[in-house]
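Asks: Only the shape, not the letters, is given here:
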């Protein structure tokens, strides 16, 4: 390397901060890296899709006779949107766990001292993880169409858009959990105690019942009243209702206990994604602790 | 340490550089840093000029890593100032970061990616892209002798090769200052030699190299050594100038019980000695000293040698303490 080379670089660099396109370039590269890493770890690809498929096949078959939904679905029909949600949740969350690995392996320290700042890091991680999650969900959908468990409808583009927003929300949530964490063991605890219940209480596995503020309806216990209240407050419930509507347009959602309109579902999903991203961003920007890693 | 090495290092920068010739690319003024109730750096001043290799030398806990992290802009500056290429690192950290290349002690490669992919990723983080980035990557791969391994996954590389990829990553965006934290940790002697040859070549090209180390042998190769002890700068000079302050020769005495021999020598022949690494050492003022010491210590003497002073002696002379970082370095 000649001294001339270095000198010319210095004059170029004396210009001001990096451009917006440089930030997007960095975010895009980090997203691409997530994608490359994911597909180089075959077991991750298999695990993220095999487990939900297994759940769906086992529960769908096992609970066939003992289930009755307001919309007149069989359990495997009812459980299908929940399974898709689970695939998105698993893939997105496992994609963001990589932030812990990145820190342990040292890659993150090089990212944190680079001049792009942290926003592109968040965008790169979230979009990279969301793309993987979306690809897995679409692969599962194609599979269900092939075996005849469901059939594609005209609402397919809307369904994919909804899945994409949901994936972004899940990845942002994953970042909120993973960023302050030091080990993947801790992450698994959060997964089982926080994220799985969040999924279970979103009308994925059993329907959300009718509810009124005044107290339990006839035949309901207080425990059921509280559980239903939590389920109605869970933003993921709205996404799953809309998912059900898009995946099976013939089902009569209005006859089930909980039936928010399409508009409400979309708005809640978008707001949840936006809020999760803002929280993740604030967390990344303010935490200095993670900088002082080995 | 050999004379050829010290000559070579001195050749890069004829003397301690004078500010009139060039402007420093890295200026540290009155730097002070405190963790909870422990002061890690006290009023540290340092200028690094283009083409220099400056070694920040100190035992563990002397404040090297704190200084490194502050220079990397990983931690906010509490008091004092750091300027990189006249950019204030606390006011505009992102702009300062564009001017520094950083090589951490722990590897920072993504081992699931290939060498080229790692470089492309690094380039994107520094705002490079497209054909210019490709070209720059090729230049770096050729320069660091990595061209034939460019498509290999980083997990398949040896420690020395990985360190070369780190160097290529650090130099990719053509920084004015290259910072290295304990760069030869985990490298075998031949990889260490190769690393130093690279650093010297970069310095000749006009890059300012600043590295932290706890290895005396490593500091000997630098063009300038800044010694830190308990957060204070105790020396800032060329290795040869530091050795010169110690007089021409040093006498080293190995005995069974150094503490007792120290007392004995002080009382009998009024010779003040220091204990370094379990051996007594003193400046040789006249050749007659040798037989007198032998007479005084008598049968307890194991060996007595006369040689050129080393930086370790300088550290001990300046701080009154032995340099304990050495032992840690040898075991790591």
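Replies: Good, I have the coordinates. Values in this document were obtained by computation on a predicted structure and should not be read as measured data.

Asks: ok, now how distant is residue B:276 from chain A?
Replies: 30 Å (CB to the nearest CB, to the nearest Å). The way it works is simple: take the backbone N, C-alpha and C, and place the C-beta from them, glycine included.

Asks: count of neighbours near that residue?
Replies: Neighbours of residue B:276 under the rule other CB atoms under 10 Å in any protein chain shown: 21.

Asks: isn't residue B:168 right up against residue B:140?
Replies: Yes - with contact defined as CB atoms under 8 Å, residue B:168 counts as touching residue B:140 (4.2 Å).

Asks: which residues touch residue 114?
Replies: As the question left the chain open, I've gone with chain A. A:26, B:97, B:122, B:125-126 (CB atoms under 8 Å, 6 or more residues apart in numbering or on different chains).

Asks: look at chain B instead
Replies: B:150-154.

Asks: Against residue A:222, how distant is it?
Replies: 60 Å (CB to CB, to the nearest Å).

Asks: ok so, going back, same list (the contacts of residue A:114) but as TSV, adding distance to residue B:110 and pLDDT.
Replies: Output for those, formatted as TSV (distance: CB to CB, whole Å; pLDDT from 0 to 100):
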residue	distance to residue B:110	pLDDT
A:26	14	93
B:97	19	91
B:122	10	94
B:125	12	93
B:126	16	92
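
Asks: any idea which of these is the one closest to residue A:81?
Replies: residue A:26 (35.5 Å; CB to CB).

Asks: so the closest one is in which element?
Replies: helix A:20-40 (DSSP states H and E).

Asks: Pull out the buried positions in that helix.
Replies: Residues of helix A:20-40 classed as buried by neighbour count (16 or more other CB atoms under 10 Å in any protein chain shown): A:22-38.

Asks: How about residues contacting that helix?
Replies: So helix A:20-40 is contacted by A:44-45, A:95, A:98, A:111, A:114, A:116-117, A:119-121, A:123-125, A:127-129, A:131-132, B:110, B:112-113, B:117, B:120-121, B:124-125, B:127, B:129 (CB under 8 Å, 6+ apart).

Asks: Buried only: go through the contacts of residue B:114 for me.
Replies: B:150, B:153-154.

Asks: Adding pLDDT and secondary structure, write the residues you listed out as TSV.
Replies: Formatted as TSV, the buried ones among the contacts of residue B:114 follow (pLDDT from 0 to 100; DSSP: H, G, I helix; E, B strand; the rest coil):
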residue	pLDDT	secondary structure
B:150	92	coil
B:153	93	strand
B:154	92	helix
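
Asks: Quickly check: the longest helix seen in chain A near chain B or not.
Replies: Taking DSSP state H as the criterion, chain A has its longest helix at helix A:75-105. Yes - residues of helix A:75-105 contacting chain B under CB under 8 Å from any CB of the partner chain: A:102, A:105.

Asks: I'd like the next helix or strand past that helix.
Replies: Downstream of helix A:75-105 (by DSSP H and E), the next one is helix A:107-112.

Asks: Might you calculate how far that next one sits from the centre of the chain?
Replies: Remark: helix A:107-112 is offset 24 Å from the chain centroid, using CA atoms, centre = their mean, to the nearest Å.

Asks: which helices and strands sit right next to that helix?
Replies: helix A:75-105, helix B:115-125 (3 or more CB pairs under 8 Å, 6 or more residues apart in numbering or on different chains; DSSP states H and E).

Asks: Could I get the average pLDDT for it?
Replies: For helix A:107-112, mean pLDDT is 88.

Asks: Can you name the residues in contact with it?
Replies: Contacts for helix A:107-112 (CB under 8 Å, 6+ apart): A:30, A:99, A:102-103, A:118, A:121, A:290-291, A:293, B:74, B:102, B:104, B:106, B:108-110, B:122, B:125, B:169.

Asks: after it comes which helix or strand?
Replies: Next along from helix A:107-112, by DSSP H and E: helix A:119-147.

Asks: coming back round to it: let me have the helices and strands packed on helix A:107-112 in CSV, extended by distance to residue B:262 and mean neighbour count.
Replies: CSV is the format used below for the helices and strands packed on helix A:107-112 (distance: least, CB to CB, whole Å; neighbours: other CB atoms under 10 Å in any protein chain shown):
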stretch, distance to residue B:262, mean neighbour count
helix A:75-105, 47, 24
helix B:115-125, 53, 25
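
Asks: what's the closest of the ones you listed to residue A:209?
Replies: The nearest among the helices and strands packed on helix A:107-112, by CB to CB, is helix A:75-105 at 14.1 Å.

Asks: Just want the angle from that closest one to helix A:20-40.
Replies: For helix A:75-105 against helix A:20-40, the angle by axes from the mean of the first three to the mean of the last three CA atoms, to 10 degrees is 110 degrees.

Asks: Can you name every helix or strand that helix A:75-105 contacts?
Replies: In terms of contacts (3+ CB pairs under 8 Å, 6+ apart), helix A:75-105 is packed against helix A:20-40, helix A:42-62, helix A:107-112, helix A:119-147, helix A:156-178, helix A:184-190, helix A:196-199, helix A:235-247.

Asks: Identify the residue nearest the spatially most central residue of chain A in space, chain neighbours excluded?
Replies: Against the mean C-alpha coordinate of chain A, by CA atoms, centre = their mean, the closest residue is residue A:170 at 2.4 Å. Spatial nearest neighbour of residue A:170, chain neighbours left out: residue A:92 (3.5 Å); criterion: CB to CB, 6 or more residues apart in numbering or on different chains.

Asks: what sits against the one you found?
Replies: Residue A:92 neighbours (CB under 8 Å, 6+ apart): A:129-130, A:132-133, A:167, A:170-171, A:173-174.

Asks: can you do 10 Å?
Replies: A:48, A:126, A:129-130, A:132-134, A:136-137, A:166-175, A:195 (CB atoms under 10 Å, 6 or more residues apart in numbering or on different chains).

Asks: Residue A:168 now?
Replies: Contacts of residue A:168 (CB under 10 Å, 6+ apart): A:88, A:92, A:126-127, A:129-131, A:133-134, A:269-270, A:272-274, A:276-277.
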